[in-house]
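J.: no sequence for this one, just the structure:
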């Protein structure tokens, strides 16, 4: 993250009371609700073990469903969003500025049964330094382009 983006990020954290000593993921939902999710917060969610292939090598990750993390903020769910839910998306951002996008329909179980995970361990060990502290794992994707390392921000938005 370049210096100006870091300053904006730190200012945002301070303005909403999210600055913490622990690494966290900033999660922004609809209607402006923003929270910080730490590794301790993730540990309180249902845990999953995901066995998949990462760059041709077998790997087992430990983490939580992205949908469980997102459940802590306002989402495009229910009758209010019935006719517009497909126009929403989730943007995930990494420490280095890398970004990936998921259509809301990929995460909403009323549309499909795709599982995306926020993980903190690989093969029962902490993630490698280049992936810490949080990584998105998307089993079944052939190229792994949305396996985002060093996850810092998740935002739910509506396409205009």
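T.: All right, it came through fine. Predicted, not measured: the structure shown is a model, and the values here were computed from it.
J.: Let me know the next secondary structure element after the host helix or strand of residue 36.
T.: Counting by DSSP states H and E, the element that carries residue 36 is strand 34-38. Using DSSP H and E, the helix or strand that follows strand 34-38 in sequence is helix 39-43.
J.: If we go by neighbour counts, what in that following helix is buried?
T.: For helix 39-43, a neighbour-count test (16 or more other C-beta atoms under 10 Å) marks 41, 42 as buried. Every C-beta, even on glycine, is put in place using the N, C-alpha and C of the backbone.
J.: I figured residue 75 hits residue 29, correct?
T.: Yes: assessed by C-beta atoms under 8 Å, residue 75 is found in contact with residue 29 at 6.2 Å.
J.: Which residues are in contact with each of these two?
T.: Here residue 75 and residue 29 have residue 156 as joint contacts, going by C-beta atoms under 8 Å, 6 or more residues apart in numbering.
J.: In the strand holding residue 36, which of the residues would be classed as buried?
T.: 34, 35, 36, 37, 38.
J.: Stretch 144-156 now?
T.: Going by 16+ other C-beta under 10 Å, stretch 144-156 has these buried residues: 146, 147, 148, 149, 150, 151, 152, 153, 154, 155, 156.
J.: Which parts of this protein are strands?
T.: All strands of the chain, identified by DSSP state E, fall at 24-28, 34-38, 48-54, 57-65, 88-94, 99-103, 117-122, 125-126, 135-137, 151-158.
J.: what's the most buried one of the ones you listed?
T.: Ranked by mean neighbour count under mean count of other C-beta atoms under 10 Å, the strands of the chain are led by strand 135-137, which reaches a mean of 23.
J.: Give me the distance from that one to the chain's centre.
T.: Its chain's average C-alpha position is 7 Å from that of strand 135-137, according to C-alpha atoms, centre = their mean, to the nearest Å.
J.: same question, stretch 25-33
T.: 12 Å.
J.: likewise stretch 106-121?
T.: The chain centre lies 10 Å from the centre of stretch 106-121; the measure is C-alpha atoms, centre = their mean.
J.: Need the mean per-residue confidence for it.
T.: For stretch 106-121, the mean per-residue pLDDT is 87.
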